[in-house]
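Novice: need a 3D model of the sequence below.
(chains A, B and C)
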Amino acid sequence: MVPIKYNIRSLRNRWVSSLMTILGTGLVVWASVLAFGLADGLDHTLAISGDPLDLIVMRKGATSETNSIISESTAREIDTLAGVATDAAGNKLYSSELVVVVNTPRRGEQAGSANLIVRGVPPVGKQVRTGFRIVEGRENKPGLREAITSRTMARRFVGAGLGEKLDIFDAPFEIVGIFEAGGSASESEVWTDLEVLAQATKREGVRSALQIRVNSPDDAATLMNRIENDEQFGLKAVTEPQYFLDQAQAGMAIKIVGRTIAIVLTIGAMFAVANTMYAAVASRAREIGTLRAVGFSRRTVLASFLLESLLLCLAGGAVGCLGALPLNGLSTGTANWATFSELTFSFRFGPAVLAQAVLLAVLMGVIGGLFPAIRATRMKIVDALREI
Amino acid sequence: MKFLPYILKNVLRNKLRSVFTGLSIAVSLFLVTVLYAYINMQDEVGKESEKYARIVVTAKQGLMFPVPIAHLDKVRAMQGVKAASPLAWFGGKYKDDKIPFAQFATDTSAIFTVLDEFTVPPEQLSAWQKDRSGCVVGEKIARKRGWTFGDKVVLKGDIYPVNLELTVDGIYDGPESSDREMLFYHYEYLDELLKQARSQLAGNAGTIFVKAQSADMLPSLMTQIQARFASSDSPVRAVTEQAFRQMFTEMLGNVRAYIRNVALAVVVSLVCVAGNAMAMSLRERTREVAVLKAIGFSRTTVMSLVLFEAMVIAVGGGLVGTLGARALFTFGDISFMAIPGFAAFYVPWSTVIFALAIAAAVGLASGMIPAWRAARMSVVDGLRKVV
Amino acid sequence: MTNSAPETLVKLREVSKEYMRDKIHVPVLSNTSLDIPKGEFVAVMGPSGSGKSTLLNLVAGIDRPTTGTIIVAGQVLNDLSESKLTRWRSHHLGFIFQLYNLMPVLTAFENVELPLLLTPLSKRQRAEHVRTALRIVGLSDRMDHYPRQLSGGQEQRVAIARALVNDPVLLLADEPTGNLDATAAQEILDLLQQLNEEFEKTIIMVTHDPRAARRAHRMLHLEKGTFVETELDALEAAG
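Specialist: Okay, here's the model as predicted:
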C-alpha cells in the first residue's frame, strides 16, 4: 500500500488543479443535493401528512378533494355510519368540508401567482387533525369572514399575513391566526369557516370531502368497505396516507427530473475528474516508474491513484453538501398537479440525501479515476523513469 | 484567421483531454439546454397564443369545478364570438403510461376553427365528424406511437368513471411551437358514456375555448362572458389564452428559480473544469509559449491564441450538447416531461443560441487565467524550464 | 561586405545584471561593455553560470539589464515597452535554441511560417518566404514532416529556417550544436557560416564547444560576468 500521505501531498503539490477539480465536482454535488433535497422535502411533507386513523371520503372518480363534490345530504348520512370516533364530549369526529382553489398573487416582484387551497372547516375539523395548533393570533370565529393559515403561506402570498385581508372570490377574509399542523400538507392551505366559505362561493349545500376519525384500523377497514360498496353514495373512502401517496405522484416528476439532473451532471464531472487524473499520471510518470522499480505492484499503484481520485471527489462532495446545508429548512413550493394548487414544503437534507451525494462523489472518483489509474499501471518502468 | 490551423492543432494535441473537456461541457450544456428550453418554451408558447385571439372560460372556483355545457350556446350567441368549443381534460391512462398525454373532449365542428393554427385534411375532418367514437391526433404523437388511420386507442378513465374506445380518423399538424401531441374526440361521446354511468360529471364542458372575431374584442368579450354568468349557479372566469397558460407557468414559480440556480452552478463548475484543463495544457507547453514570445508574438496575440483555443473546445462541446438536446426532443419520445396544460416539449432555437452563448462564455472565462499567465510569463524562465 | 569602417550593430554600455534568488543578489553580468560590428560572427564562451545566456537574452530583449544601456541596430532597447520590444524582435531578430524548440504539432513548413503570421504578408507571399528559407537550410524535401519525423540536425535546420524567414539582421544562437552529434554539429556550423558569409547575417553564438567557436571571427570569453577577450589561436593552443 502506497502511503496515503503521498496522495495528499501530491494533491497539495498541484493545489490549483486540485482546487479547481474540487470546486467543479463540488458544484455538481451541490446542484444534485438541491434536487434531492427538494424531492425529500416534498416526500416528507406528504408522508407526515397522513394518519392511518383518518379517512378521507370523496366522490368516486375524484383524484383529490379539489375535484370531489358531495351533497350535504349524502354527507349527513355518512355521519350516522358505525365506526366514527367521538371525542370526550361525545361529539362525532367527523368533518364535512368544502375546498376551493383561489388564484392568489405571490409576494415579491414578478413572482407571479399560484392557486392556493381555501378549506371551509366546521369547528370540529380542527379536532380531527392531529398536531393542529394555533401558534400566533387566534382561531377564526364561526360565521365571520375570518381565516387562519400557516407561517409559510403567510410569507408567500399577498394578503395571507396575520392581520391582512385575503381576497377569496372577491370577498375579503381577515387572517386572524397562524397555525401549525406538524409540517403536513395542511400547512399549504388557508382555513376558514365552512358556512362562510360556502356562502362566499355560492356553494351552499355542497361539500368537497369528508374527514373522518376512526378508533382502530379495523374500524377504518369496515367503514371504508361500507362506503365503497354502497352504490347509492357513489363515494369512496381512503386513509390519509393512501390519499397523500396518490398525490405523491405529483412529486414523481420532481424526482425523475432531479435524478436526471444529478446523473447527467455526474457524468459530466467524471470527464473532468478523468482529465485531472490523466494529467496527474502524466506528470508523475517518473514517480510511478520509481514506485514500480522500488517494488510496488501494479495493483498497488492502481489503488493509489484510485484513492487519490476518490479523495479529490470526496472533498468536492463535502464542499457540495456543506454548501447546501444553509438551505436546509428553506421553504419553497411547487405545483401539486393533483389539486392544481401550490404545495409548500421545505428543503430537507436528511441522511438519505447526503448519502446519495456521497454516492455521486464516489462514482465520480472511481469511474473518473479508473482509466487514468489503469494508464499508470500500464507504464513500462524503464520508459517511465526516462520521462522528464 | 491565419492562426486557426495552429489553434486547431493545439486543441487536438492532447485529444483525450480536449474530448473529455468537450464532453464534460456537452453533457452539462445538454442539461442546461433542456432546463432552459422548459422555461423558454413556455414563454414562447405564451407569446404565440396572444395572436390567436382566444379566451379560456373556466369555473370561477377553479379548474377542478365544472362549467355547465349549457353555457356553450350562450357564449356562442354573444357578439364578437367566431367559434367556441368545450375542451374537457380526460386524463385517461393509455396502456402503461405513467403520466397521461392530453386528451380533450371537443365539439368536432368548432374545434379546428377555434384552434386555427392546426390543419386537418378536409376529408379526414369530415370522416371524424361522422364517426361518433373517432378521434384526431397530433402529428407528433402519431409518429411517436406509430398510430395510423383506423387504429384503436383505448383510454382508461382516471378522473372519469368511463373508458373511451376511440378510432384514429385524422391527424392534425401545426407550427413548431404548437402542441402536436394532443388527442381530440367527440364531446357527445364522453357525455353519453357519463350519462349511461349516471355520473355527476355529465354535462360538464371542463373549459370552453372561445375564438374572438378579432383581438381588440377580447377585453369586452371577457367582461361580457363573466357578467353573463356572474349570478348563475356556475359563475365563470374568462381570461385570455395567454393568461391561462401563464397561470400554469407561474405555478412552477420556484422551479424556475431552481433551474436558474442549477444552471449557474453548472456554468461555474464548467469554468473550473475547462479552466483546469486549459491550465494543464499550457503548463505542458510553457516552453512553446516562451518560444512564441521570443520570436516576436506579442502578449495580446499569445493571449488570444489561448483564449481561442479554450473557446474552440467549449463551443465544440456546446454544439454537441445543445444540438443533441434539440435533436433528442424533436425526434425522441420524452412524454414523461409533459405537464398538463403545456404544449409538448421542444427546444426552441432561442434556447440553442442561449446555450451556445453560455458555451462561448465558459470558454472565454476558462481561458482567461491560463491566457493571462501565458501572456505574463517571463520568456527567460519559460525557456529555461525543463532543459 | 564593405571595407569602410563597419557600422556597429550591437552596443552594450556598462551593462550589469543581477538576479534575486531567495532574497540574495546574484550578480551575473557586471559593468560589461561590448561592440559588435555588422556582419560579424561572434562566439561567446565560458563556464556554466558565467552569464552567457543572460547576455544573449539581454541582446534579444527578452530580459532587461539592471543597469546600463543596450543598443541593437540603432535602437535603444531600454526605451522600449514590453509590447514594442516584442514587435521589434519579430522584425530584427532570429533566435536559435539548443533544444530547437519547434512546435511538435506543426509541420516543418508551418513552424517556419509561424513568425510570418505576425506580418501582413499574404498566404502566397508567406509560402514563398518559407520555401526560400527551407531551401537555404537544405530541407525543401522535408516541408510536410513533423518535428518527430526529423533527425536532430534536421530539426535544428528547421529552427534556423524559422529564425531566417523574416530576414533579420541579427541571429542569436544559444548552444545550437549542444544537442547534436559531431557530424550534425559540423553541418549546422557550416550553415551558420554560410549565412554569415553569403547572407551577411550578424551572428552571436553561445557555445561550450571550442570547435564551434573556431568558426567565428571573434571569440568572447565570459568569466564571472566579465569579458576576457581571447584570440582563437591562443585558445587552440590552450585547448
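Novice: all contacts plus neighbour counts: C-alpha atoms, from now on.
Specialist: OK.
Novice: residue A:51 contacts residue A:241, doesn't it?
Specialist: Yes: if you go by CA atoms under 8 Å, residue A:51 and residue A:241 touch, sitting 6.1 Å apart.
Novice: of those two, who's got more company?
Specialist: The residue with more neighbours, out of residue A:51 and residue A:241, is residue A:241; 20 against 15, by other CA atoms under 10 Å in any protein chain shown.
Novice: tell me which element that one falls in.
Specialist: Taking DSSP states H and E as the definition, residue A:241 sits inside helix A:240-247.
Novice: can you tell if that helix touches chain B?
Specialist: No: judged by CA under 8 Å from any CA of the partner chain, helix A:240-247 and chain B are separated, with a smallest distance of 12.1 Å.
Novice: now do that helix: distance to the chain's middle.
Specialist: Taking the mean of its C-alpha atoms, helix A:240-247 sits 15 Å from the chain's own mean (CA atoms, centre = their mean, to the nearest Å).
Novice: quick one: average pLDDT of it?
Specialist: Averaged over helix A:240-247, pLDDT sits at 80.
Novice: same deal with stretch B:11-21?
Specialist: Stretch B:11-21 comes out at a mean pLDDT of 91.
Novice: give the next helix or strand downstream of the helix holding residue A:241.
Specialist: According to DSSP H and E, the helix or strand after helix A:240-247 is helix A:249-283.
Novice: show me what that following helix is packed against.
Specialist: If you count contacts as 3 or more CA pairs under 8 Å, 6 or more residues apart in numbering or on different chains; DSSP states H and E, helix A:249-283 packs onto helix A:15-48, helix A:298-324, helix A:351-378, helix B:15-50, helix B:253-283.
Novice: and residue A:6, what pLDDT?
Specialist: 82.
Novice: which ones are touching residue A:325?
Specialist: By CA atoms under 8 Å, 6 or more residues apart in numbering or on different chains, the contact list for residue A:325 reads residue A:349.
Novice: scratch that, residue B:117
Specialist: B:174-175, B:178.
Novice: same thing but 6 Å
Specialist: If you count contacts by CA atoms under 6 Å, 6 or more residues apart in numbering or on different chains, residue B:117 has them with residue B:174.
Novice: any idea which helix or strand carries it?
Specialist: Using DSSP H and E, no helix or strand contains residue B:117.
Novice: mind checking pLDDT for residue B:177?
Specialist: Value for residue B:177, per-residue pLDDT: 74.
Novice: of the helices and strands packed on helix A:249-283, which is nearest chain C?
Specialist: Closest to chain C of the helices and strands packed on helix A:249-283, according to CA to the nearest CA: helix B:15-50, at 11.9 Å.
Novice: wait, does the closest one contact chain A?
Specialist: Yes: using CA under 6 Å from any CA of the partner chain, we find that helix B:15-50 touches chain A at B:17, B:20, B:24, B:27-28.
Novice: re earlier: for the helix holding residue A:241, list the C-alpha coordinates in CSV.
Specialist: Output of helix A:240-247 as CSV, limited to C-alpha atoms (Å, rounded to 0.1, in the frame of the first residue of the first chain):
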residue,chain,number,x,y,z
GLU,A,240,-54.9,9.7,4.7
PRO,A,241,-51.6,8.0,4.0
GLN,A,242,-53.1,6.4,0.9
TYR,A,243,-54.5,9.8,-0.2
PHE,A,244,-51.2,11.5,0.0
LEU,A,245,-49.4,8.6,-1.6
ASP,A,246,-51.6,9.2,-4.7
GLN,A,247,-50.7,12.8,-4.6
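Novice: cool, thanks, signing off.
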